[in-house]
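# sequence unknown, structure follows:
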């Protein structure tokens, strides 16, 4: 193929790709306006044309305040790979019902006259939320929980929004923690805070998870004035972990079928269902020799289970083989690398131990230590020099 | 004799000053990126920081429930759109800085025979309304970078 033909083919591919793709963007995805006595609010958004062709677009507003919007341009054209800012004004009525009034500004390709369209049209929405305060004291809250490993601190954060017309004083929360059997295992309290009008603040607390791994739930009771907000959320302690504790092969003779007994521990506080083992054995050149699996089984919470699997060793030579044993459950798995030492009458498993890696922690650098020691030495030298030796030199 | 005395004075004081300056430079965190008050539509932000061990990120200036991340030389962190405050911890802590990830709603259509692959190429989780000849037919949800094959003549995406 000549160079010219290659260029023409590449151009054709690019043209086909362009003709088959249509894209449109808008930013921000949402703007929040707090309702106030000021009757007119202004805003803007940016339309992004990431296509290699001009786009002709219509802009429309939907929502209970749609008639109050004045958009700078209701129909625009944006050149290839260009962006354009569009501004708007919204005249708010003197009274609105409390809550969030959702308005949607839709930017959509014109359904006719768009050269190079792919037969369907793409549109994007930028939302305008008009938040109208509730009468008196009113707050909304969400509970965020940062799960932790066993023995570590679980962090609770109650995010509070003051959506009322009064300042909230002495807002606090009590969080009750329950295990999967609905038994209360702990209660923690947050400090107390004040939340000004329209403000968002956070109540935080933590709890040391000296419990079994598993699924827990937190029930937070947030109190402000005479009102209460109840929030409930589930969280995990530790990871859903299956640990391979032992691999035993009994009554084996080379050339026959080896029966593998694998002891597995469920360290999770709940049953793990549909677990099976999968074993891959490799030769010295890292070629897969065999892949054998056990039947599926359930392992009860915090208990041990045994998985049986079989390896036909016909034609196999004595020696040491690398192997990887997977414990699979759902879409997850635990993995362990071992070696099988195959002899005439036995298979021994080597390397069944776990290595726990620690994340590095930068402590004070050696240069800092050196500099601190150096400065201390210099201070001593200065003191000795100015108080003792300098006078002797003078003499 | 007096000249020797002053020479020793100068040498001692100079060394002391240099050592203190080096210590000051070595313990103070040096933040190269991102800048304070940075606004970006990219959800992945590169943090380049020297002389610090951890970065603390929270959505409030009180850092009441911060996410604490171990620092590497150049660390890329994925954010969801919003306003964040961050500072670094080391021998000394840095001042708090503000970072804003601006949300983008971005929809891409790719023609596939008689249907379309609808791709969420923005940073927000989207609800996509599907129309056929201006008649609403169905809706589906797409997380960022997610896609769905669908028939229709108009696809309109908005933040959930």
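Yep, that arrived. Treat the numbers as computed from the prediction; the structure is a model and nothing was measured.
# all strands of chain B, in order?
Applying DSSP state E to chain B gives strands spanning B:30-33, B:38-40, B:44-50, B:54-58, B:67-70, B:74-78, B:82-89, B:97-101, B:105-112, B:115-120, B:126-132, B:135-142, B:147-150, B:154-159.
# mind checking pLDDT for residue B:60?
For residue B:60, the pLDDT comes out at 85.
# again with residue A:228
95.
# residue contacts, it?
A:221-222 (Cβ atoms under 8 Å, 6 or more residues apart in numbering or on different chains). Bear in mind the C-beta positions are built from the backbone N, C-alpha and C, glycine included.
# find the helix or strand that it is a member of.
Using DSSP states H and E, residue A:228 sits within strand A:227-237.
# I'd like the next helix or strand past that strand.
On the C-terminal side of strand A:227-237, the closest following helix or strand by DSSP H and E is strand A:242-249.
# start to end distance for stretch A:286-295?
26 Å (Cα to Cα, to the nearest Å).
# got the buried residues for that stretch?
residue A:294 (16 or more other Cβ atoms under 10 Å in any protein chain shown).
# which other residues reach that stretch?
Residues from elsewhere that reach stretch A:286-295, judged by Cβ under 8 Å, 6+ apart: A:260, A:262, A:276-283, A:307-312, A:316, A:321-322.
# from the contact counts, what lies against the helix or strand residue A:156 falls within?
Per DSSP H and E, residue A:156 falls inside strand A:153-162. Applying 3 or more Cβ pairs under 8 Å, 6 or more residues apart in numbering or on different chains; DSSP states H and E, we find strand A:153-162 packed against strand A:139-146, strand A:168-178, strand A:193-195, strand A:200-208, strand A:214-224, strand A:227-237.
# so what strands line up beside the fourth one?
Read it as strand A:200-208. Using DSSP bridges, the strands paired with strand A:200-208 are strand A:153-162 (antiparallel).
# likewise the fifth one?
Using DSSP bridges, strand A:214-224 pairs in its sheet with strand A:168-178 (antiparallel), strand A:227-237 (antiparallel).
# one step back: just the ones of the contacts of stretch A:286-295 in helices?
Using DSSP state H, no member of those falls in helices.
# how about the helices and strands packed on strand A:153-162 in CSV, adding distance to residue A:55?
Shown next, in CSV, are those (distance: least, Cβ to Cβ, whole Å):
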stretch, distance to residue A:55
strand A:139-146, 38
strand A:168-178, 47
strand A:193-195, 44
strand A:200-208, 37
strand A:214-224, 47
strand A:227-237, 43
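# tell me the angle of the strand holding residue A:228 relative to strand A:139-146?
Here the directions of strand A:227-237 and strand A:139-146 differ by 10 degrees (axes from the mean of the first three to the mean of the last three Cα atoms, to 10 degrees).
# okay, buried residues for strand A:227-237 please.
Within strand A:227-237, the residues that qualify as buried are A:229, A:235-237, counting by 16+ other Cβ under 10 Å.
# and for stretch A:70-90?
Result for stretch A:70-90 [16+ other Cβ under 10 Å]: buried residues A:71, A:76, A:78, A:84, A:86, A:88, A:90.
# now stretch A:325-342: buried residues?
A:325, A:327-329, A:334, A:336, A:338-340, A:342.
# just stretch A:377-384 next, same as before
Across stretch A:377-384, burial judged by 16+ other Cβ under 10 Å covers A:378, A:381.
# does it reach chain B?
Yes: counting by Cβ under 8 Å from any Cβ of the partner chain, chain B is contacted by stretch A:377-384 at A:378-379, A:381-382.
# excluding covalently adjacent residues, which one is nearest to whatever residue of chain B ends up closest to chain A?
At 3.1 Å from chain A, residue B:158 is the closest residue in chain B, using Cβ to the nearest Cβ. Using Cβ to Cβ, 6 or more residues apart in numbering or on different chains and skipping the chain neighbours, the partner closest in space to residue B:158 is residue A:125 (3.1 Å).
# just residue A:266 next, same as before
In space, and not counting its chain neighbours, residue A:266 is closest to residue A:299: 4.1 Å by Cβ to Cβ, 6+ apart.
# can you pull up the bridge partners for the residue most central in space within chain B?
For chain B, residue B:45 is the residue whose C-alpha lies nearest the centre (Cα atoms, centre = their mean; 3.3 Å). Counting by DSSP bridges, residue B:45 forms beta bridges with residue B:77.
# picking up where we left off before, neighbours of the residue nearest to residue B:158, how many?
A count of nearby residues for residue A:125, using other Cβ atoms under 10 Å in any protein chain shown, gives 23.
# quick check: buried residues in the host helix or strand of it?
Element membership for residue A:125, per DSSP H and E: strand A:121-132. Across strand A:121-132, burial judged by 16+ other Cβ under 10 Å covers A:121-128, A:130-132.
# what residues are up against residue A:201?
A:159-160, A:171, A:193, A:195, B:60, B:62.
# now which of these would you call buried?
If we count by 16+ other Cβ under 10 Å, the contacts of residue A:201 have these buried: A:159-160, A:171, A:193, A:195, B:60.
# just curious, which of those is nearest to residue A:213?
Closest to residue A:213 out of the buried ones among the contacts of residue A:201 is residue A:159 (27.1 Å), distances taken as Cβ to Cβ.
# that closest one bridge partners, please.
residue A:142, residue A:202.
# wait, it sits on residue A:202?
Yes: between residue A:159 and residue A:202 there is a contact at 5.4 Å, judged by Cβ atoms under 8 Å.
# below-threshold pLDDT in the stretch 1-150 of chain A: ranges please.
For the stretch 1-150 of chain A, the stretches flagged by pLDDT under 70 are A:1-20, A:37-38, A:111-118.
# identify the residues contacting the closest residue to chain B within it.
Taking Cβ to the nearest Cβ as the measure, the stretch 1-150 of chain A has residue A:125 as its residue closest to chain B, at 3.1 Å. Applying Cβ under 8 Å, 6+ apart to residue A:125 gives the contacts A:26, A:104-107, B:105, B:156-159.
# can we see that at 10 Å?
A:26, A:29-30, A:62, A:103-108, B:105, B:107, B:126-127, B:129, B:156-159 (Cβ atoms under 10 Å, 6 or more residues apart in numbering or on different chains).
# same check on residue A:157?
Taking Cβ under 10 Å, 6+ apart, one finds A:142-146, A:173, A:190, A:202-206, B:58-60, B:64-66 in contact with residue A:157.
# in the strand holding residue A:156, what counts as buried?
Buried positions in strand A:153-162, judged by neighbour count with 16+ other Cβ under 10 Å: A:154-162.
# kindly indicate which of those residues lies nearest chain B.
Taking the buried residues of strand A:153-162 together and measuring to chain B by Cβ to the nearest Cβ, the closest member is residue A:157, at 3.6 Å.
# not counting residues beside it along the chain, what's closest to that closest one?
Among residues not flanking residue A:157 along the chain, residue B:65 sits closest, at 3.6 Å (Cβ to Cβ, 6+ apart).
# give me the nearest residue to the residue nearest to the spatial centre of chain A, chain neighbours excluded.
Centroid-nearest residue in chain A: residue A:146, 10.7 Å away (criterion: Cα atoms, centre = their mean). Nearest residue to residue A:146, sequence neighbours excluded (Cβ to Cβ, 6+ apart): residue A:155, at 4.2 Å.
# and if you look at residue A:305?
Nearest non-adjacent residue to residue A:305, counting by Cβ to Cβ, 6+ apart: residue A:299, 4.0 Å away.
# try residue B:122
Residue B:122 sits nearest to residue B:106 (Cβ to Cβ, 6+ apart), 3.4 Å away.
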